[in-house]
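In: with the input below, show me the fold.
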Amino acid sequence: MENQLGFVLKLLLLSAFVSVLIKYVAPSLSVSATATNALIIVLLPIAIVALALLWRFQAHKQS
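Out: The predicted structure follows:
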């Protein structure tokens, strides 16, 4: 139970941090509206999740 509570708290803190970054830092960034930037924004989260799952799969496979 403690492990799940710790995970939820970490997720909550990470979410709050990302929210603050989006609210206060993102407006000061100048990102041009190009097709390449749109693809990066759409595909980057998918690639990050795929890498994280692959990493967990490799770790689980070794144990």
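In: how does the chain divide into domains?
Out: Listed domain ranges for the chain are 1-30, 31-63 (source: automatic domain parsing).
In: how close does the most centrally placed residue in the chain sit to Pro27?
Out: Closest to where the C-alpha atoms of the chain average out (CA atoms, centre = their mean) is Pro45, at 6.2 Å. Relative to Pro27, Pro45 is positioned 20 Å away (CB to CB, to the nearest Å). The way it works is simple: take the backbone N, C-alpha and C, and place the C-beta from them, glycine included.
In: could you do Asn37 as well?
Out: With the distance defined as CB to CB, Asn37 ends up 16 Å from Pro27.
In: the more surrounded of the two?
Out: Comparing Asn37 with Pro27 by other CB atoms under 10 Å, the one with more neighbours is Asn37, at 11 against 8.
In: host element of that one?
Out: Per DSSP states H and E, Asn37 falls inside helix 35-62.
In: what sits up against stretch 34-49?
Out: For stretch 34-49, contacts defined as CB atoms under 8 Å, 6 or more residues apart in numbering pick out Val31.
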